[in-house]
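>>> Return a 3D structure for these sequence lines:
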Amino acid sequence: MAFVLPFERSHDSFPKPTDERVHLKEVKGRVIAVKEFSGWFSKALGTKMYNELKSELEEANFSANAEYQVAQYHPPFTLPFLRRNEIWIPLAEEDEEVKKIMK
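As a prediction, this is how the structure comes out:
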């Protein structure tokens, strides 16, 4: 599980977690491609959405990464048609199309 903290503040300005299992970790910025979908997530659905997004990226001349992440935004009791999920594929910074975006 992850939470995004405000960009405007420094890493050291956040309160220290009181639970030893919780750690603050600074993650370097990156460019990702995202495909949104609803319903209950399963590994099969994740693979299907990854393959669809990967094909769309390749058609647009982006190099698709072999790994992906899943973002889910709702608690388990949310009705499936109201659930929002995303497949995230990190894009290579050295990719010419990504360089155009980052300018």
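
>>> give me the low-pLDDT residue ranges for the chain?
Counting by pLDDT under 70, the chain shows low-confidence ranges at 103.

>>> As a check, name the ranges of all helices in it.
Shown for the chain, the helices assigned by DSSP state H span residues 43-59, 96-102.

>>> which one of these lies closest to R9?
R9 sits nearest to helix 96-102 of all those, at 23.5 Å, using Cβ to Cβ. C-beta here means a position set from N, CA and C on the backbone, and glycine is covered the same way.

>>> Buried residues of that closest one, list them for me.
V98 (16 or more other Cβ atoms under 10 Å).

>>> gap between that helix and the chain center?
18 Å (Cα atoms, centre = their mean, to the nearest Å).

>>> middle-most residue in this structure, spatially?
Taking Cα atoms, centre = their mean, the centroid of the chain lies closest to W88, which sits 4.0 Å from it.

>>> ok, that residue touching A33?
Yes - between W88 and A33 there is a contact under Cβ atoms under 8 Å: 7.4 Å.
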